[in-house]
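K.L.:
A predicted structure for the sequence below; I have some questions about it.
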Amino acid sequence: MYAIVEIAGQQFKVEEGKQIFVHRLEGNEGDKVEFNQVLFKADGDKVSVGTPTLKSKVSAKIVEHLKGDKVIVFKKKRRKGYKVKNGHRQYLTKVAIEKIS
């Protein structure tokens with residue numbers, strides 16, 4: 001069984017027992033969170049498509065808050081002597097999916 005859920009403005013495919021990385025969520029490590037915006041749900045041959053959402057929810061637990069890998073942003077204008085190098089690390093939350101109901 002899996003579902004397509006909208007979390008923090010992005011869509012994720014979630015399955016029970018799996019862990020996903022999403023943009024930073026409110027809450028502490030160990031807190032339970034529920035996602036109500038279920039767009040699609042499939043259980044074997046049974047498929048449910050929301051218009052736009054379904055009346056089901058996904059229960060999850062916040063495992064940890066962390067920062068993603070560093071992304072280097074380099075800007076340059078040739079023949080002008082302009083070079084800028086910046087780095088960025090995105091704040092992420094690791095979420096363990098517990099139940100799709």
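P.N.:
Alright, I've got the coordinates.
K.L.:
name whatever forms a beta bridge with the residue positioned nearest the centre of the chain.
P.N.:
The chain has residue 22 as the residue nearest its centroid, 2.8 Å off, counting by Cα atoms, centre = their mean. Residue 22 has these beta-bridge partners by DSSP bridges: residue 93.
K.L.:
go on, residue 4?
P.N.:
residue 13, residue 40.
K.L.:
surely it is in contact with residue 40?
P.N.:
Yes. In this structure residue 4 lies within contact range of residue 40 using Cβ atoms under 8 Å: 4.0 Å. (C-beta placed from N, C-alpha, C; glycine too.)
K.L.:
how about residue 16, what does it touch?
P.N.:
By Cβ atoms under 8 Å, 6 or more residues apart in numbering, residue 16 lies in contact with 1, 97-100.
K.L.:
among the residues you listed, which pair sits farthest apart?
P.N.:
By the measure Cβ to Cβ, 1 and 98 form the most distant pair in the contacts of residue 16, at 12.7 Å.
K.L.:
those two: who's more crowded?
P.N.:
Neighbours per residue, other Cβ atoms under 10 Å: of residue 1 and residue 98, the larger number sits with residue 98, 14 against 11.
K.L.:
hang on, that one packs against residue 61?
P.N.:
Yes. Counting by Cβ under 8 Å, residue 98 does reach residue 61; the two are 5.9 Å apart.
K.L.:
got any residues that touch both of those two?
P.N.:
The contact sets of residue 98 and residue 61 overlap at residue 32 (Cβ under 8 Å, 6+ apart).
K.L.:
tell me the contacts of residue 29?
P.N.:
Residue 29 is in contact with 62-65, counting by Cβ under 8 Å, 6+ apart.
K.L.:
10 Å instead, please
P.N.:
Contacts for residue 29 (Cβ atoms under 10 Å, 6 or more residues apart in numbering) come out as 61-65, 93-94.
K.L.:
so can I have a markdown table of the residues you listed showing secondary structure, pLDDT and distance to residue 17?
P.N.:
Below are the contacts of residue 29 laid out as a markdown table (DSSP: H, G, I helix; E, B strand; the rest coil; pLDDT from 0 to 100; distance: Cβ to Cβ, whole Å):
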| residue | secondary structure | pLDDT | distance to residue 17 |
| --- | --- | --- | --- |
| 61 | strand | 97 | 12 |
| 62 | strand | 97 | 16 |
| 63 | strand | 97 | 13 |
| 64 | strand | 97 | 17 |
| 65 | strand | 97 | 21 |
| 93 | strand | 97 | 18 |
| 94 | strand | 97 | 14 |
